[in-house]
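Participant: Just a sequence and a predicted model for now, questions to come.
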Amino acid sequence: MKQDIMDILCCPTCKADLTLDIKKKEGDEIILGTLTCTKCHEEYPIEDGIPNLLPHEKHDE
């Protein structure tokens, strides 16, 4: 994932901004890291350069 797309990404759950924590970078490509919502604090992994922005399922107990 390129860091430039942070301008257009938002949390799929609440639509708030995301923060980026980079664990591994190659050139200008983010290979491994985490996107975290600034409002609801959900975390979305970046693995092999691909952000997984699928909303988490809520389980009622």
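Facilitator: That came in fine, so what should we check first?

Participant: where does the protein have low pLDDT?
Facilitator: 58-61 (pLDDT under 70).

Participant: Quick check, central residue of it?
Facilitator: When the chain is reduced to its mean C-alpha position, the nearest residue by C-alpha atoms, centre = their mean turns out to be Leu35, at 2.7 Å.

Participant: Check which helices and strands whatever helix or strand that residue lives in is in contact with.
Facilitator: For Leu35, the enclosing helix or strand under DSSP states H and E is strand 29-37. In this structure, strand 29-37 makes packing contacts with strand 18-26, strand 43-47, judged by 3 or more C-beta pairs under 8 Å, 6 or more residues apart in numbering; DSSP states H and E. Every residue, glycine included, has its C-beta placed from N, CA and C.

Participant: Tell me which of those lies nearest to Asp4.
Facilitator: Evaluated over the helices and strands packed on strand 29-37, closeness to Asp4 peaks at strand 18-26, with 11.4 Å, by C-beta to C-beta.

Participant: So what angle separates the directions of the closest one and strand 29-37?
Facilitator: For strand 18-26 and strand 29-37, the angle between their directions (axes from the mean of the first three to the mean of the last three C-alpha atoms, to 10 degrees) works out to 160 degrees.

Participant: quick thing: my sequence starts at 47, can you match it?
Facilitator: Yes, from this point I'll number from 47; that puts the last item at strand 64-72.

Participant: Each with direction, which strands does strand 64-72 pair with?
Facilitator: Strand pairing for strand 64-72, using DSSP bridges, gives strand 75-83 (antiparallel).

Participant: got the buried residues for the partner strand?
Facilitator: In terms of neighbour count (16 or more other C-beta atoms under 10 Å), strand 75-83 has its buried residues at Ile76, Ile77, Gly79, Thr80, Leu81, Thr82, Cys83.
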